[in-house]
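Undergrad: Fold the stuff below for me.
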Amino acid sequence: MHEFLNSERRWTVRMAVEGGDEEVELYEVKDNVKLEKDALDRIVDLVKTRDNYAAIEAIRSASSPEGEDYGSFAIFMILLKLNEEASQALGDVHEYLFGISAEDGSPMLLASSDQDDSRSQFLGCMSALLDEPESVDMAIVALPIKGTGQPPVGTGS
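TA: The predicted structure is shown next:
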């Protein structure tokens, strides 16, 4: 039994990729899991200073398990590929969907691509991403394609 993710409830993210679109299915997180508010600033700094970190506009739409479109909300995905040493403990490739909390502006985890993900595995991946960038082969922050306003998750459009 999965305590961290609900494998029955799936988010769908449609992303622009070279040559067309790709849909990614992610498993909804059961718990309220938030990163510290300054995590976004730290990610931006890493994107600016590290060659293996990048930010791109790629999210065309994001749908909740109920089919609600979150594409116009403040969302982002992190696509993370760890190096060989880190991947032995945490796994190789991870995809996480986040929303920005309307309450306090902190990133909150909405879903993960790995249905066997655990809270400790997620926290280990975030520690590698934020505190040990040398353990990351590649980190891509996928943002919504510009064109609509992006209110925080939990507010009306």
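Undergrad: For the top helix by length along the chain, give the mean pLDDT please.
TA: Across the chain, the helix with the greatest residue count (assigned by DSSP state H) is helix 119-131. On average, the pLDDT along helix 119-131 is 93.
Undergrad: Stretch 71-91 now?
TA: On average, the pLDDT along stretch 71-91 is 89.
Undergrad: Now the longest helix of the chain: buried residues?
TA: By 16 or more other C-beta atoms under 10 Å, the buried positions in helix 119-131 come out as 121-122, 124-126, 128-130. For glycine as for every other residue, the C-beta is placed from the backbone atoms N, C-alpha and C.
Undergrad: ok, these vs N52, which is closest?
TA: Nearest to N52 out of the buried residues of helix 119-131 is L129 (C-beta to C-beta; 10.8 Å).
Undergrad: Settle this for me: that closest one is touching L82, isn't it.
TA: No: in terms of C-beta atoms under 8 Å, L129 does not count as a neighbour of L82; the distance is 9.0 Å.
Undergrad: now F122: how far from L110?
TA: Distance, F122 to L110, using C-beta to C-beta, to the nearest Å: 12 Å.
Undergrad: Kindly report the same for G20.
TA: According to C-beta to C-beta, G20 and L110 sit 24 Å apart.
Undergrad: Then G99?
TA: Going from G99 to L110 by C-beta to C-beta gives 5 Å.
Undergrad: And the helices in the chain?
TA: For the chain, the helices defined by DSSP H cover 39-49, 84-90, 119-131.
Undergrad: can you list those in a markdown table and add distance to E28?
TA: Shown next, in a markdown table, are the helices of the chain (distance: least, C-beta to C-beta, whole Å):
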| stretch | distance to E28 |
| --- | --- |
| helix 39-49 | 21 |
| helix 84-90 | 21 |
| helix 119-131 | 13 |
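Undergrad: returning to that earlier point: what's the angle between the longest helix of the chain and helix 39-49?
TA: What separates the directions of helix 119-131 and helix 39-49 is an angle of 50 degrees, with axes from the mean of the first three to the mean of the last three C-alpha atoms, to 10 degrees.
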